[in-house]
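> Okay, here's the prediction I keep looking at, along with the sequence it came from:
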Amino acid sequence: MDVLVLTTLFLALLLSLLILTSRLRKSNDGKRVQSTVSSEGSKKRGYTYRKCEVSLHNKRSDCWIIIKEKVYDVSSYVEEHPGGDAILAHAGDDSTQGFFGPKHATRVFDMIDDFYIGDLVSE
């Protein structure tokens, strides 16, 4: 009976270690570092990204933009963008100037927070 209890405890411990190791590996893949500050300074879980990482997301189906050192994944919004493909002009790059340009309605300033995924860091 004691052997069965010890074996069960050992297997439970081993399983816990495997799960923990897997989670740590996924959260610390060397590409992103967790951050807890959003674009408005409120508590919102995000990551930090290098510009070279953001630049890889430059397609209609995978579109990230940078606005004032903040990174936004706007992939789900590309098809809805009232300006058509204009949003793709700076996909994977800095869109600050276009975002604050004269063609945007003030409602975009409220909408953009929904797409926030992290902050830009220096390379």
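Looks like it came in fine.
> Ends of stretch 79-96, what's the gap?
End-to-end distance for stretch 79-96: 20 Å, by Cα to Cα, to the nearest Å.
> got the buried residues for that stretch?
Using 16 or more other Cβ atoms under 10 Å as the test for burial, stretch 79-96 gives 87-88, 90-92, 94-95. In short, each C-beta sits where N, CA and C put it, glycine included.
> Work out the gap between it and the centre of the chain.
How far stretch 79-96 lies from its chain's middle: 18 Å, per Cα atoms, centre = their mean, to the nearest Å.
> Would you mind measuring from residue 58 to residue 107?
Using Cβ to Cβ, to the nearest Å, residue 58 is found at 26 Å from residue 107.
> So for these two, which sits in the more crowded spot?
Taking other Cβ atoms under 10 Å, residue 58 and residue 107 do not tie; residue 58 has more neighbours (15 against 8).
> Now that one: closest residue in space that isn't a chain neighbour?
residue 92 (3.1 Å; Cβ to Cβ, 6 or more residues apart in numbering).
> mind listing what residue 56 touches?
residue 92 (Cβ atoms under 8 Å, 6 or more residues apart in numbering).
> Any chance of JSON lines for the buried residues of stretch 79-96, columns secondary structure and pLDDT?
What follows is the buried residues of stretch 79-96, written out as JSON lines (DSSP: H, G, I helix; E, B strand; the rest coil; pLDDT from 0 to 100):
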{"residue": "87", "secondary structure": "helix", "pLDDT": "88"}
{"residue": "88", "secondary structure": "helix", "pLDDT": "92"}
{"residue": "90", "secondary structure": "helix", "pLDDT": "92"}
{"residue": "91", "secondary structure": "coil", "pLDDT": "94"}
{"residue": "92", "secondary structure": "coil", "pLDDT": "96"}
{"residue": "94", "secondary structure": "strand", "pLDDT": "95"}
{"residue": "95", "secondary structure": "coil", "pLDDT": "94"}
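> Perfect, I'm done here.
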